[in-house]
Structure formats: C-alpha cells, structure tokens
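Asker: the sequence isn't on hand, but the structure is:
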Ligand SMILES: Nc1ncnc2c1ncn2[C@@H]1O[C@H](COP(=O)(O)OP(=O)(O)O)[C@@H](O)[C@H]1O
Ligand SMILES: [Mg+2]
C-alpha cells in the first residue's frame, strides 16, 4: 500500500525574473511504514520535495497523490483538510506555538480535527508520555530545551495518527545526544505504530536510522537504495 | 472548538505594552467622543431650553404688523387688551402659562455711564416669568410698583448699581418722543446667561405701559405649553383677527437647523476619530501578523483553515476593542457625569438674540448616544481588523515557513 506517489514532479520558484528549478522531474513512491531519509547537499530540493508531499505547496508540473488521492487541484481549504487528518510535520526549527504549553501544542491538531475533550486529553497525555515529556506538559516552549521542544513537535505531528509524518532536518538544531533521542523516538514510533516517516537530512548520524535513503542532487533523484517496483 | 479568545489573550500578553497602548488609544477615542456627544447634547439642550425659556417661549401672539426687531410701541403694532387675550389663551388645556409682555427700547444711565437696553413690561406673578426671578440681591418688582425696576447682574456691575440705588431710564414712546424717569433698583437678577442679562430691564406691565404711552397694549402674549410638541395644535386653536401667531420652531429656525447640523457634524467627527483609533488597532494587528508569519505557517501546516486564522485575529481585535472601549466608555461617562454636575464655564460668549446659551454648559450623556457610540466603535474596530486578519489567512504556508528559516 502506498502512502504517497509522485509522478514527474517539477517545482520552479520564480522571484522576479529569476527562476530556480528546485525540483526537476522527480518520481517516487513512499510505501506504508517506510522510514525514509531524503539526503543531499543544501539546496538540492529536499525541503521542496517534503513540502510537495505534505501538500503545503503545489508542483509546477507533475502529479502528487496522497493516500490514493490526487492533490494537485485541491483548493487551499481542501489541502488544509487533507493535511490535518493525514500528514504530520516536524520542522527543522522547533516549530511550536510559543503562547501554548507543550500540552496545548499537542492538543491543537486534535482540536482542529474536532476531537472531544476527553479524547484530546487522553491522546495528548499518551503522546507526551511517548516522547517522555509528561513532566513538562504544562511548560511553554520558551521554558523547554531545544531537544524537549523537538520531542513535543514530534508528539504533535503524531497526534492525529497521520498516515505520513514529514520531518525536515529534525536534528539539525540539536546536539548529538538530543538528536539521537529524537531519532530513537521516531524510529520506535515507526516500529510500534507503523507510522510512515520521511525525513530530510544531511546528517550522517541520522541517515543510519533510515530503512531507505533517497539522494537528491540539483532537483533530481540521484540514488534510491530501495526503489520499489514501478 | 478552538478557544480563540484564550489564544488571543495570550498573544496580546506577548506584547503587553503595545496591546495596552493600542487599547488605550481606543479608550481615549471612545472617551473623547462620548464626552463630545454629551457636550453637544448638553449645549444643544441648554441653548434650546434657554432660548425657549428666556426669549421665544413656545408660542407668541403678536399684532399682525408687529416687528420684533423694531421694539416699536406705536399702538398700531400692539395687541389691545392683552390681559384679556392672555386669560382666554391660558384657559386652554395645553397651555401652562400665557402672559402679556411689552417691549420698548430705552437707555439706562447711572453716574456717567449710559447703556442701551430693552425695557420689558411684564406681569410679575406669571409662571412664565420665573426664569427672571432668580435674584442675586433684592426683590422682584410687584405689579403695582410705580418707581421700581429690576436689572440684570452684568448691567448692575457695569453701572456700579446696588439694590436701593437709583438710575435714569429713557424710553422711546408711542408718539415717537423720548421720555425720561428715575427708577429705584428693587432687585438684581441672573438667568445664568450673561448675554441676555446685560441688555434687559424689567418694569411691571402697568408701569411700562404708562411710561411708554402704550396704554392697555402689549407687544405680545408669551405662551408656554406643558408639551412643546403641541405648539402647532395650540397655535391653530388660537384664532384672532389681526394677530400673527408664531411657534417656537418658526421663531428658532436657526437653532433647530444648528441642532440638526450638529448631529451630522458629530457623526462626522465620530467617523474621523474612530477611523484614527481603528488605524492604531490595524497597525498593532499588522505588526503581529508580520511577526507571526512563522506561527501562521505552522498553524496552516497542521491544518488550520483561513477562516480559523481570521477568527484568531478577530478574537484579538475584539479583546482589544472590548477592553479599550469599556475603559473608554467608563471614562467618558465619568467625565460627562462630573462635568454634567459642575458644568463647564464659558462665560458670556457674546451670543445674543436668536440663540441663547447658559454661561455654563452641562454635558448630558444619553443612554442612546452612549450605546450608539459603543456599538459603532466596536463595529469599526472589527471591520478595520478584517484587513490584517485576511492578510494572515492568505499567507501561503510555504512562504510563511520559508521566511522564518
Ligand atoms: N520559497 C522559495 N522561493 C525561492 N526559491 C526557493 C524557495 N524555496 C527553495 N528555493 C530554492 O530552491 C532550491 C532548493 O531548495 P530547498 O528545497 O530548500 O533545498 P534543501 O532543503 O535541499 O536545502 C534552492 O536553490 C533554494 O534556494
Ligand atoms: Mg531544506
């Protein structure tokens, strides 16, 4: 079963007269339960690719299917709906809402999905426990270390049981120990609940966790160690 | 349900000083407008009431040829047997008081000073003359007084006159001559309107008639009603050969016009001031939108829709608005209440004639205008904040996230 399928995707950024081909014809399929790493030098198109898979952005040409659905001509609101139920994000910076506590940050996607208060509470506490943040549940992000914030972000990304979790250099701003800890958590969740992870990184210490490594260069896939049958 | 207000409250708390300042701007605008509304209301009501009480009454009955500007006491311009006419009118149910008045022009002199005045002959006992009987010193004249006169405080001051002292009064008589007589100041009055008090002296009607040669005539019957809205009906009921009957709206066209105009003017000021305060709010919200692009990107990424982002910013605006407007309305109300008690002293503005003002204006805040203003401020603030809110809701998540990195 495939979670995401990209067919000949290009993405051209236009700033004034300048065009940047961030992706130049990428086709790939991400299967259920994969733990995939997108690697490649800075500027190779990793973030752009994640954003397209995550329906944050639309390709200039080509097709993006998520969970069997064509997404290319969805409206803004339809894309938002798709994201909130199907996709979880972990960003490079610790993307928590600064005015909300760790608990409230994890609760937010549940709120957006219209879950009942009891469900929200149970699920949020469960996830904070899974990332070992129970004792800091009611702290605001500025009272948490970078590693702790990123663990909360992972908990938030998982809150709605998404099919697909996209992480953009999740360890780039963490020291080795915290980086490993976050990766361990993601790996464990991948194993335990079978969530599909795609993360962009150029950190070799992270790549070792991946079951599949896709290498990008100048907007095309240079290498894929686990290209599934087409 | 997302608790937008909780988030909005915390977001406002992030920049406490900025939020406070913009709330304060709104508060000041609201307070100012509320006070202005109360002031205008007080001024208009005072000018109308003062003018009606002191000057025009609700209805006047005059001879068809009478010209109030000339103050002529030639018989052809006057009403004959005025006391009888007044009695008949006073018998009408809607009429509170009807009393004859005789106007003549004269000159008062004492020591070496001379001042031109209106001489008003009145029936001292009539209800309608109560506004003139607010004595600073002495007593009002009685109906049968033949040597007494009552003058206003500013006139007494400029002539250096005290109760019991004498003055000389010159009058233009019915025959077109000038007559002269000494009078004793019985009392000094104040109506609270210096412009009025400085130009008028009172004699009992009988004495004024004898002195000016008007004999059994009066310039007008001055009529007060229980309800001034009845003026047209009562005017129609008063029939009389050779009379002209004037209602207060006819006599105070300018004042009624100014009243209407001042309402329009006030709405205009409201729009300007609220426009300015709304700009402050918009500015505050725009600043938070730009500061929070990343957050907006994150919220969009995890599935928040444009509508929900708009709600978030509108919640912020309405919190700011509620706080600011509540505080402003309370301050405006307190200001109006305080000055409504003690009044605002303007002194003699030099306005006389058709429109009279009290020397002190007492602001009156009506519930109507307060509620109107509160609702208008709120709506304008929310409308204005739609712009930054929509701006936030239209941010592309990618760009919002990209900018932040
Ligand atoms: N929003 C954007 N606007 C313009 N150019 C962009 C934008 N995002 C990325 N790019 C450009 O596209 C190329 C790929 O960028 P990116 O996907 O961020 O690569 P990576 O994540 O691998 O570093 C780069 O040259 C980058 O400058
Ligand atoms: Mg990147």
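Answerer: Looks like it arrived, so ask away. What you see is a predicted model, and the numbers here were worked out from it, not measured in a lab. Ligands and ions are numbered 1, 2, ... in the order given.

Asker: can you name the next helix or strand after the helix or strand of chain A with the lowest mean pLDDT?
Answerer: Across the helices and strands of chain A, mean pLDDT, DSSP states H and E gives its lowest value to helix A:204-207, namely a mean of 82. For helix A:204-207, the following helix or strand on the C-terminal side (DSSP states H and E) is strand A:212-217.

Asker: tell me which other helices or strands that next one touches.
Answerer: Judged by 3 or more Cβ pairs under 8 Å, 6 or more residues apart in numbering or on different chains; DSSP states H and E, strand A:212-217 is in contact with strand A:35-39, strand A:220-224. All C-beta spots, glycine's among them, are computed from the backbone N, C-alpha and C.

Asker: distance between the least confident helix or strand of chain A and the chain's centre?
Answerer: Its chain's C-alpha centre and that of helix A:204-207 lie 17 Å apart, by Cα atoms, centre = their mean, to the nearest Å.

Asker: now stretch A:77-90
Answerer: Mean-position distance between stretch A:77-90 and its chain equals 11 Å (Cα atoms, centre = their mean).

Asker: report the mean confidence score over it.
Answerer: Taken as a whole, stretch A:77-90 carries a mean pLDDT of 89.

Asker: sec struct for residue A:202, please.
Answerer: Put simply, residue A:202 is coil when judged by DSSP: H, G, I helix; E, B strand; the rest coil.

Asker: so what's it up against?
Answerer: By Cβ atoms under 8 Å, 6 or more residues apart in numbering or on different chains, the contact set of residue A:202 is A:39, A:40, A:41, A:42, A:46, A:169.

Asker: put the buried members of the residues you listed into a ChimeraX selection.
Answerer: A single ChimeraX command suffices to select whichever of these are buried according to 16 or more other Cβ atoms under 10 Å in any protein chain shown:
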select /A:39,40,46,169
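
Asker: remind me what the longest helix seen in chain A packs against, helices and strands.
Answerer: Counting residues, the longest helix found in chain A (DSSP state H) is helix A:176-193. Under the contact definition 3+ Cβ pairs under 8 Å, 6+ apart, helix A:176-193 sits against strand A:35-39, helix A:146-158, strand A:196-200, helix A:204-207.

Asker: now do 6 Å
Answerer: Packed against helix A:176-193 by the contact rule (3 or more Cβ pairs under 6 Å, 6 or more residues apart in numbering or on different chains; DSSP states H and E) you find helix A:146-158.

Asker: from the stretch 201-350 of chain B, which residue is nearest to chain A?
Answerer: residue B:303 (2.2 Å; Cβ to the nearest Cβ).

Asker: residues near that residue, how many?
Answerer: Summarising burial for residue B:303: neighbours were counted as other Cβ atoms under 10 Å in any protein chain shown, giving 26.

Asker: which element, helix or strand, includes the closest residue to it other than its chain neighbours?
Answerer: Computed as Cβ to Cβ, 6 or more residues apart in numbering or on different chains, the closest residue to residue B:303 that is not its neighbour in sequence is residue A:84, at 2.2 Å. Here residue A:84, judged by DSSP H and E, is contained in helix A:76-86.

Asker: buried residues, that helix. List them.
Answerer: Using 16+ other Cβ under 10 Å as the test for burial, helix A:76-86 gives A:79, A:80, A:81, A:82, A:83, A:84, A:85, A:86.

Asker: tell me which of those is nearest to chain B?
Answerer: Among the buried residues of helix A:76-86, residue A:84 lies closest to chain B (Cβ to the nearest Cβ), at 2.2 Å.

Asker: phi and psi next, for the spatially most central residue of chain A.
Answerer: By Cα atoms, centre = their mean, chain A has its centre lying nearest to residue A:166, at 1.3 Å. Torsion angles at residue A:166 (phi, psi; degrees, to the nearest 10) stand at phi -110, psi 130.

Asker: next one: it from residue A:4, what distance?
Answerer: Distance from residue A:166 to residue A:4, counting by Cβ to Cβ, to the nearest Å: 9 Å.

Asker: list the residues that contact residue 77.
Answerer: By default, I'm working from chain A. Counting by Cβ atoms under 6 Å, 6 or more residues apart in numbering or on different chains, residue A:77 makes contact with residue B:305.

Asker: try again with chain B
Answerer: Per Cβ under 6 Å, 6+ apart, neighbours of residue B:77: B:63, B:65, B:66.

Asker: drop anything exposed from those.
Answerer: Buried residues within the contacts of residue B:77, defined by neighbour count using 16+ other Cβ under 10 Å: B:63, B:66.

Asker: list, one by one, the residues from the stretch 1-150 of chain B near chain A.
Answerer: Contacts of the stretch 1-150 of chain B with chain A, taken as Cβ under 6 Å from any Cβ of the partner chain, map to B:2, B:10, B:11.

Asker: out of those, which are inside helices?
Answerer: Judged by DSSP H, the residues of the stretch 1-150 of chain B next to chain A include B:10, B:11 as members of helices.

Asker: dump the residues of the stretch 1-150 of chain B next to chain A to a markdown table, plus neighbour count and distance to residue B:149.
Answerer: Supplementary listing: those in a markdown table, determined by neighbours: other Cβ atoms under 10 Å in any protein chain shown; distance: Cβ to Cβ, whole Å:
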| residue | neighbour count | distance to residue B:149 |
| --- | --- | --- |
| B:2 | 16 | 80 |
| B:10 | 17 | 75 |
| B:11 | 22 | 74 |
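
Asker: for the residues of the stretch 1-150 of chain B next to chain A, give me JSON lines that also has distance to residue B:148 and pLDDT.
Answerer: Output for these, formatted as JSON lines (distance: Cβ to Cβ, whole Å; pLDDT from 0 to 100):
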{"residue": "B:2", "distance to residue B:148": "82", "pLDDT": "77"}
{"residue": "B:10", "distance to residue B:148": "77", "pLDDT": "89"}
{"residue": "B:11", "distance to residue B:148": "76", "pLDDT": "87"}
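
Asker: relative to residue B:98, which of the residues of the stretch 1-150 of chain B next to chain A is nearest.
Answerer: Checking these against residue B:98 with Cβ to Cβ, the nearest one is residue B:11 at 68.1 Å.

Asker: report the contact partners of that closest one.
Answerer: Residues in contact with residue B:11 (Cβ under 6 Å, 6+ apart) are A:99, B:316.

Asker: repeat that for residue B:391.
Answerer: Applying Cβ under 6 Å, 6+ apart, we find residue B:391 in contact with residue B:289.
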